[in-house]
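**Student:** Could you work out the structure for the sequence below:
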Amino acid sequence: MKTQGLNKDNVNEALLALVGALEARDLYSKDHSMRVAQFVQHLTGQFRISDQQKKIIYNAALLHDIGVVSIPDAVLLKKGRLSPDERQCIQQAPRVAAKILASITSLSEEREIILHHGERWDGHGYPDQLQGEQIPQGSRFIAIAKAVDAMTKNRAYRRARPLSYCLEQLNENAGSQFDPKIAGVAARILCKIMPPDGV
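**Tutor:** This next block holds a predicted model:
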């Protein structure tokens, strides 16, 4: 997996190797973390955020899925609908990631962002049901970038969705699942970088 743009003093290369190994478990997840990090870069570039904070959010995006190590293949690679227990298993991944990063003091800010990237703007997310601006800003960027990647790439259980579907979901879930300001920016960026439907 490419590691260009990383702050070598801040990110443990062993963790990046772990991310690469985890993504190798699933053909459909290959380079997922890099794509999420790159889209996060597009998003943060449209907001007044310090360069240092942008780097922290980027690093968190690269590492956001390390907790997937706790998910059995039978759940991670399942093609059908997840059971409540299986969904609960997946929702534990951010806490596992936080435990992995707990002893790395230089990644404390990234750890907090990763822990909460499954939260929802309306407070119905996980693991702590944070709401609105209680959710770390970096977590809100990653939540949207991760959702966009999930919609626009092939998955074991479905084909990639068209641009129109992705834009519809961003619009419908702005203010419920997603930070509405970031969702609006994401929609504008997608219109620039993705081909229109039918192309």
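**Student:** other SSEs contacting the lengthiest helix in the chain?
**Tutor:** For the chain, the helix that runs over the most residues, judged by DSSP state H, is helix 137-152. Counting contacts by 3 or more C-beta pairs under 8 Å, 6 or more residues apart in numbering; DSSP states H and E, helix 137-152 is packed against helix 32-44, helix 51-63, helix 108-115, helix 163-173, helix 180-193. From N, CA and C alone the C-beta is placed, and that goes for glycine too.
**Student:** Which residue is the nearest non-sequential neighbour of the residue nearest the centre of the chain?
**Tutor:** With distances taken as C-alpha atoms, centre = their mean, the residue of the chain nearest its centroid is residue 146 (3.5 Å). Counting by C-beta to C-beta, 6 or more residues apart in numbering, residue 146 lies nearest to residue 36, which is 5.3 Å off, once chain neighbours are set aside.
**Student:** re the thing from before, how far off helix 180-193 does the longest helix of the chain point, in degrees?
**Tutor:** Counting by axes from the mean of the first three to the mean of the last three C-alpha atoms, to 10 degrees, helix 137-152 lies at 40 degrees to helix 180-193.
**Student:** Report the rounded mean pLDDT for helix 137-152.
**Tutor:** Taken as a whole, helix 137-152 has a mean pLDDT of 95.
**Student:** Using PDB, write out the CA atom coordinates for that helix.
**Tutor:** In PDB, the C-alpha atoms belonging to helix 137-152 read as follows (Å, rounded to 0.1, in the frame of the first residue of the first chain):
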ATOM      1  CA  GLN A 137     -14.500  17.000  13.400                       C
ATOM      2  CA  GLY A 138     -12.000  14.600  12.000                       C
ATOM      3  CA  SER A 139     -14.400  11.700  12.700                       C
ATOM      4  CA  ARG A 140     -17.100  13.500  10.800                       C
ATOM      5  CA  PHE A 141     -14.800  13.900   7.700                       C
ATOM      6  CA  ILE A 142     -13.900  10.200   7.800                       C
ATOM      7  CA  ALA A 143     -17.500   9.000   8.300                       C
ATOM      8  CA  ILE A 144     -18.500  10.700   5.000                       C
ATOM      9  CA  ALA A 145     -15.300   9.700   3.100                       C
ATOM     10  CA  LYS A 146     -15.800   6.100   4.200                       C
ATOM     11  CA  ALA A 147     -19.500   6.100   3.200                       C
ATOM     12  CA  VAL A 148     -18.600   7.600  -0.200                       C
ATOM     13  CA  ASP A 149     -16.000   4.900  -0.800                       C
ATOM     14  CA  ALA A 150     -18.500   2.200   0.200                       C
ATOM     15  CA  MET A 151     -21.100   3.500  -2.200                       C
ATOM     16  CA  THR A 152     -18.800   4.100  -5.200                       C
END
